[in-house]
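[1] Need a 3D model of the following:
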Amino acid sequence: MAALAAGVVAGATLTGSASPAHSSSAVKRPNVVVLMTDDQTVESMRVMPNVKTLLADQGVTFTNNFVSYSLCCPSRSTFLTGQYAHNHGVWGNSPPNGGYYRLDSTNTLAVWLQRAGYQTIHLGKYLNGYGTRNPREIPPGWGDWHGSVDPTTYRYYNYTLNENGTLVAYGTGAANYQTDVYARKAVELIGREAADARPFFLWLAFLAPHAGAPRDPDDPAGMGTPSPAPRHRNAFATMPLPTPPSFNEADVSDKPAGIRNRPLLTAAMIAKIRENYQQRLESLLAVDEAVAQIVKELEVTGQLNNTYIVFTSDNGFFHGEHRVPTGKVLLYEPSIRVPLIVRGPGIPHGQRRSQLVANIDLAPTIVGISHAGPGRVMDGRSLLPFARDPRFISGRDILLETPTYAAIRTPRWLYAEYTTGERELYDLARDPDELVNHAGDFRYSRVKADLALRLRRLRACSGPVCRQGPELRLLARARPAKSIRGCRRSRVLVVVSGPSARRATQTSFYLDGRLLKRDTRAPFTALVPRFLTRRGGSQLQAIVTLADSRRQTLSRRIAGCG
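    Residues are numbered from 1 along each chain as shown. The predicted structure is shown next:
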């Protein structure tokens, strides 16, 4: 653990201040660095102290971030398009309905950013199947390309990178450990970009903690694991396997057949799962060190204060929950909930946000930062308003979809419809581990019907329809005033209206961030005294909570006096 401790110390010295030697009076548009791991759970973030110190403590952590399709290629395609799978058309990792060649690569985030004047850089894993037809191919939109060529992508040693059209083989020596190579290259690329007048976009996609060659001596038989860096091997050899209530679920009689037919995990299988879990944590230590090196280089080159850094994963992973020993794709929380941290200009420091967000929001966020023109109708929305304002809540639902199911994730409910005709319904407020399926319980018929209706809309949604929340409006009416004094003595009546208002159970009114009134009975109204408003006007927010657990923020400008 010495290397880990050294990483923490190194990270702690980074303050986020630009180096005076590299300061410039002409500030270019912000850079964007996206750091993406593969198969990482939220729980595993606890072993990454540099990520905490340098990213989470300097930015915003989104605690309710989801992937709409918990599988590598569909999820990464969503990142590149801002669209759900039913719109970008990538439904798996391999042909004919999935893989690299399924996505229209002429119309992706990289193309939009390049057209907007950004230097676009890719380093590491791309879309599954990349390079299997032409390993020297460079996808459109990428100005500086260092992509791992499949199938060698899934090797921590002895892999091949396409480096701007030249195939470069990396061998089996310790210096070729894939995560470390990516870290060194990222530092070099950032250093080179510091002299470029263009802003840059860097997508660094690590393999860790995904399973990959070589097989190590302590690997469990019949189960793929990652290969940790030698310096980190057995760092967590005594770490216990988490056993939440869903682990090796005792009663799965109410689950779909895919779960119901799974046997209880044996002691031998649990031992394998634990070894896999430990190695996955160990493989993340090199990623954590890479984060410290990248942030340090951004600081040294004077780029840090003008760079947004996004840390996330393409999907989660199972470690025995619901009897699933390994894998993803399924709609349960370990698979769909993934890490998301954003730091950068104007982002608050050390804060957490609980609003529902998803991987459909990453491309819209980057488009907004860069002022690029998207070539697709995106289904997500920028994360920046969520990050900057804890009271900003969109009220939308999140769609989960694969070829075998479609599901809707709300603040309280998870409802799924399978192609087999099976259904699942979980009350996450009372049952966060998804142990009791209420789909067959007549007492939940109304909830189920409502969710089914909203799911039907999401399954075919595009653009604004995907982002639509409850149908609510905020109306305001002021009494006329004849003088400045009269204006200050007047009040503004604010009313929550719209078709969904009848389902509201509570509304909290805020004026310039301060709680003005909490109303728990209809009609939901507030009187805003003009003497409380600012001369240039004030921002009124109404956070409306509906009976179905959705919440939405309505905003309105209240004119000040004078």
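
[2] Could you pull out the strands in the stretch 1-150 of the chain for me?
    31-37, 60-62, 65-66, 119-124, 144-148 (DSSP state E, counting those that start in this stretch).

[3] Now for the residue lying closest to residue 499 once chain neighbours are set aside: which residues touch it?
    Residue nearest to residue 499 in three dimensions, not counting chain neighbours: residue 471, with 4.3 Å by C-beta to C-beta, 6 or more residues apart in numbering. (Each C-beta comes from the backbone N, C-alpha and C, glycine too.) By C-beta atoms under 8 Å, 6 or more residues apart in numbering, the residues touching residue 471 are 498, 499, 500.

[4] what pLDDT does residue 471 get?
    On the pLDDT scale, residue 471 is placed at 97.

[5] and it, helix, strand or coil?
    coil (DSSP: H, G, I helix; E, B strand; the rest coil).

[6] Reduced to three states, what does residue 281 come out as?
    helix.

[7] now swap in residue 346 and tell me
    What three-state DSSP gives for residue 346 is coil.

[8] Check the gap between the closest residue to it other than its chain neighbours and residue 382 for me.
    Leaving aside its sequence neighbours, residue 346 sits nearest to residue 388 (C-beta to C-beta, 6+ apart; 6.5 Å). Applying C-beta to C-beta, to the nearest Å, the value for residue 388 to residue 382 is 10 Å.

[9] ditto for residue 413
    From residue 413 across to residue 382, the span is 25 Å (C-beta to C-beta).

[10] And for residue 321?
    Distance from residue 321 to residue 382, by C-beta to C-beta: 32 Å.

[11] Report the mean per-residue pLDDT for stretch 188-201.
    96.

[12] With adjacent residues omitted, what lies nearest to residue 83?
    Leaving aside its chain neighbours, residue 83 sits nearest to residue 379 (5.0 Å; criterion: C-beta to C-beta, 6+ apart).

[13] Next, the contact list for that neighbour, please.
    With contacts defined as C-beta under 8 Å, 6+ apart, residue 379 is in contact with 82, 83, 84, 87, 360, 461, 462, 463, 466, 467.

[14] Would you format these as a markdown table with distance to residue 344 and neighbour count included?
    Below are the contacts of residue 379 laid out as a markdown table (distance: C-beta to C-beta, whole Å; neighbours: other C-beta atoms under 10 Å):
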| residue | distance to residue 344 | neighbour count |
| --- | --- | --- |
| 82 | 19 | 30 |
| 83 | 24 | 24 |
| 84 | 26 | 27 |
| 87 | 28 | 21 |
| 360 | 20 | 25 |
| 461 | 29 | 19 |
| 462 | 29 | 14 |
| 463 | 26 | 15 |
| 466 | 25 | 27 |
| 467 | 23 | 18 |
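
[15] check contacts around the residue nearest to residue 346.
    Taking C-beta under 8 Å, 6+ apart, one finds 346, 347, 348 in contact with residue 388.

[16] likewise residue 540?
    474, 476, 494, 509, 510, 511, 516, 528, 555, 556, 557, 558.

[17] From residue 529, how far out is it?
    Counting by C-beta to C-beta - residue 540 and residue 529 are separated by 12 Å.

[18] what's the answer for residue 178, then?
    Residue 178 sits at a distance of 62 Å from residue 529 (criterion: C-beta to C-beta).

[19] So which of those two has more stuff around it?
    Neighbours around residue 178 and residue 529, counted as other C-beta atoms under 10 Å, are more numerous at residue 178. The numbers are 28 against 13.

[20] all helices of the stretch 201-350 of the chain, in order?
    257-260, 267-300, 333-336 (DSSP state H, counting those that start in this stretch).

[21] So which of these is the most surrounded?
    helix 333-336 (a mean of 25; mean count of other C-beta atoms under 10 Å).

[22] which residues sit against it?
    In contact with helix 333-336 (C-beta under 8 Å, 6+ apart) are residues 41, 66-67, 70, 246, 315-319, 321, 327-329, 400, 409, 432-434.

[23] now those residues: which count as buried?
    Buried subset of the contacts of helix 333-336 (neighbour count, 16 or more other C-beta atoms under 10 Å): 41, 66-67, 70, 246, 315-319, 321, 328-329, 400, 409, 433-434.

[24] Run through the stretch 451-562 of the chain and note the low-pLDDT ranges.
    479-485, 562 (pLDDT under 70).

[25] From residue 186, how far out is residue 289?
    Distance, residue 289 to residue 186, using C-beta to C-beta: 12 Å.

[26] Which pLDDT value belongs to residue 1?
    According to the model, residue 1 scores 37 on pLDDT.

[27] Next up, identify which helix or strand residue 169 is on.
    According to DSSP states H and E, residue 169 maps onto strand 166-170.

[28] tell me which strands and helices the helix or strand immediately after that strand in the chain is in contact with?
    Moving toward the C-terminus from strand 166-170, the next helix or strand (DSSP H and E) is helix 178-193. Helix 178-193 sits against strand 119-124, strand 144-148, strand 200-205, helix 267-300, with contacts defined as 3 or more C-beta pairs under 8 Å, 6 or more residues apart in numbering; DSSP states H and E.

[29] Give me the mean pLDDT for the longest one.
    By that I understand helix 267-300. In this model, helix 267-300 has an average pLDDT of 98.

[30] what's the angle from that helix to strand 31-37?
    170 degrees (axes from the mean of the first three to the mean of the last three C-alpha atoms, to 10 degrees).

[31] and helix 267-300, how far from the chain's centre?
    Distance, stretch centre to chain centre, for helix 267-300: 18 Å (C-alpha atoms, centre = their mean, to the nearest Å).

[32] Identify the residue nearest residue 98 in space, chain neighbours excluded?
    residue 92 (2.9 Å).

[33] just checking, the one you found touches residue 101?
    No: when contacts are counted by C-beta atoms under 8 Å, residue 92 is not listed as touching residue 101 (12.0 Å).

[34] Those two: who's more crowded?
    Shown here are residue 92 and residue 101; by other C-beta under 10 Å, residue 92 has more neighbours (20 against 15).

[35] Might you report the residue contacts of that one?
    Applying C-beta under 8 Å, 6+ apart to residue 92 gives the contacts 71, 73, 74, 98, 99, 403.

[36] Just the buried subset of those, please.
    Using 16+ other C-beta under 10 Å as the burial test, those include 71, 73, 74, 98, 99 as buried.

[37] For the closest residue to residue 376 other than its chain neighbours, give me its contacts.
    Nearest residue to residue 376, sequence neighbours excluded (C-beta to C-beta, 6+ apart): residue 81, at 5.5 Å. Residues in contact with residue 81, defined by C-beta under 8 Å, 6+ apart, are 87, 88, 103, 107, 108, 109, 363, 376, 378.

[38] still on that earlier bit, residue 442: which of the helices and strands packed on helix 178-193 is closest?
    Residue 442 lies closest, by C-beta to C-beta, to one member of the helices and strands packed on helix 178-193: helix 267-300, at 37.1 Å.

[39] Packing partners of that closest one?
    helix 2-12, strand 31-37, helix 49-50, helix 178-193, strand 307-313.

[40] Kindly recompute the last result at 10 Å.
    helix 2-12, strand 31-37, helix 49-50, helix 178-193, strand 200-205, strand 307-313 (3 or more C-beta pairs under 10 Å, 6 or more residues apart in numbering; DSSP states H and E).

[41] how far off helix 178-193 does it point, in degrees?
    Put simply, helix 267-300 runs at 20 degrees to helix 178-193, going by the same axes, to 10 degrees.
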